[in-house]
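Asks: one predicted model, sequence on top.
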Amino acid sequence: MTLLARALTALSFSLSLAFSPAAATGEGGIIAPTLKLEGGMWFDGQKFVGADWYVVNGRFTESEPERIDATVNLEGRFVLPPLADAHNHDAQNIWSASRSIDKNLGSGVFYSGQMCASPSSVAGFRDLLNRPATLDVTFTGACISSSDGHPLGLVMRDQPDADPDDLRAGWTVVDTLEDIERVWGSISEQGPDLVKLILVNSENFAENRRNPALFGFNGLDPSLIAPLVERAHRDGARVVVHTDSAADFEVAVMAGADIIGHLPGYRFAGDMQPDDYRISDATIAEAAKHGTVVMTTAGVARYFLQAKPEHADALKSVQIDNLRRLHDAGVRLAIGSDQFAGTAVDEMLYLHALGVVPTTELIRLAVTDTPRLLFPDRKIGRFEEGMEASLVAYDANPIDDPAALRSPSLIINQGNLLAIGTAK
Ligand SMILES: [Zn+2]
């Protein structure tokens, strides 16, 4: 931590104590200081430009207010809107949620999509989140798999003696069309924004179901995806589909899914071949036409490569080939890490190393497109009049040096200066 950052950290504490009762009270009853932010270089979606901004009631404004509680000199720092991680599982239970707040905020990640949560599993702690100075989370309102489907296999590995029926309580099981109607009432009651469906190597669905070694690692019957998407859309919920192979990707796109959870090519399952992960040009064209969003999660390849390092070159080629054709076709992308111990920054640096998406665009995906995907109704993702006053500042220019994203030196969350360093 630099001296200046330390000074600002100290300042942030004295600030919050020094307010008179006349100071504005923002959302959640937190005293919101009126700030002048001077000397910063601000990201405009393409480059960094010098400007001064004010923060009033937790919102950015260009108009100088009558009262300024404190002036923060950003001393030439490079300022981004906060980053988002569209795909993680690090705040789905109470044990990891509080750690995840520090891990993410300390990496400049303020927004997170938790991709296999059920309302009952997060009810006990969700109030810890989604308030100033914590992580803002979009939870899936339902996570739907088959009775022998992912993530049962992973959970059974951790709890081998548990009854599978108890373990399945963490998500919703659907094996037939009739099951959809049976389970939908309780899903509908929660008014979900987002529903997750799981597909795994669906081209071999029937065969894989008969293989005892794959019990717990399969996904939904692919013929149920279109009816499930239709049912979710009737409730106004968006649908994200966990995809593994190129065939899964195609089923999801053709069924009208809004979001694809994984770019195919992060692993080669069983004896599947690289070509099984190559998305067809026709499917890519369809995704572009429908505005389907693809969460990248490319960096999780490194976990699968620990078991099969010989796949490294072929995996990378498939990822580059898929990503290049999606990008060239104008398919919408979102930064998602799917790394329990990692963050959106790990995913960005992995994507940067693949060399397909230009750095400026990667940054725009992380700070504008992905936050807006998770929170379409919020004024976030750009420095404009009336936007939420959240920012992450860096000593080095992250367009020139993306590794600078690892070490923000100042963060402001909805008008609150937060300490850096305690989070790492
Ligand atoms: Zn995931």
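Replies: Yep, it's here. Residues are numbered from 1 along each chain as shown.

Asks: CA atoms for contacts and neighbours, from now on please.
Replies: OK.

Asks: so where's the stretch 151-300 of the chain shaky on pLDDT?
Replies: For the stretch 151-300 of the chain, no stretch has pLDDT under 70.

Asks: check T2 and give its pLDDT.
Replies: T2 carries a pLDDT value of 37.

Asks: go on, the one 10 residues further on?
Replies: pLDDT, the model's per-residue confidence, is 40 for S12.

Asks: got any ranges where the stretch 301-424 of the chain has weak pLDDT?
Replies: 419-424.

Asks: show me the helices in the stretch 101-250 of the chain, by range?
Replies: Per DSSP state H, counting those that start in this stretch, the stretch 101-250 of the chain carries helices over the ranges 119-122, 152-158, 164-167, 177-189, 205-209, 225-234, 246-254.

Asks: minimum distance to P132: which of those has it?
Replies: Set against P132 and scored by Cα to Cα, the helices of the stretch 101-250 of the chain come closest in helix 119-122, at 18.8 Å.

Asks: tell me how far the closest one lies from the chain's centre.
Replies: Relative to its chain's centre, helix 119-122 lies at 19 Å (Cα atoms, centre = their mean, to the nearest Å).

Asks: residues in contact with that helix?
Replies: With contact meaning Cα atoms under 8 Å, 6 or more residues apart in numbering, helix 119-122 is reached by Q92, N93, I94, G141, A142, G170, Q190.

Asks: list the buried residues of that helix.
Replies: P119, S121, V122 (16 or more other Cα atoms under 10 Å).

Asks: before we move on, the earlier item: what's the most buried one of the helices of the stretch 101-250 of the chain?
Replies: Highest mean neighbour count of the helices of the stretch 101-250 of the chain: helix 246-254, a mean of 24 (counted as mean count of other Cα atoms under 10 Å).

Asks: element containing F268?
Replies: Under the criterion DSSP states H and E, no helix or strand holds F268.

Asks: tell me the contacts of R59?
Replies: E385, G386, M387, E388, A389, Q414, G415.

Asks: give me the phi and psi for the last one.
Replies: Backbone torsions for G415, taken as degrees, to the nearest 10, come to phi 90, psi 0.

Asks: and what of R325?
Replies: Main-chain dihedrals, R325, degrees, to the nearest 10: phi -70, psi -40.

Asks: count of residues packed around it?
Replies: 17 (other Cα atoms under 10 Å).

Asks: also K196?
Replies: Neighbour number of K196 under other Cα under 10 Å is 30.

Asks: that one and I144 touch, don't they?
Replies: Yes - counting by Cα atoms under 8 Å, I144 is a contact partner of K196 at 6.0 Å.

Asks: residues touching the most centrally placed residue in the chain, list them.
Replies: Centroid check for the chain by Cα atoms, centre = their mean gives A86 as the closest residue, at 1.5 Å. Taking Cα under 8 Å, 6+ apart, we find A86 in contact with 111-114, 295, 334-337, 370-371, 373-374.

Asks: could you export stretch 90-97 as PDB, CA atoms only?
Replies: C-alpha atoms of stretch 90-97 as PDB (Å, rounded to 0.1, in the frame of the first residue of the first chain):
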ATOM      1  CA  ASP A  90     -18.000 -18.100  -3.900                       C
ATOM      2  CA  ALA A  91     -20.900 -16.400  -2.100                       C
ATOM      3  CA  GLN A  92     -23.500 -19.100  -2.200                       C
ATOM      4  CA  ASN A  93     -23.000 -20.200   1.400                       C
ATOM      5  CA  ILE A  94     -22.400 -18.400   4.600                       C
ATOM      6  CA  TRP A  95     -18.900 -19.900   5.100                       C
ATOM      7  CA  SER A  96     -17.600 -18.400   1.900                       C
ATOM      8  CA  ALA A  97     -19.800 -15.300   1.500                       C
END
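
Asks: right, I'll call it a day here.
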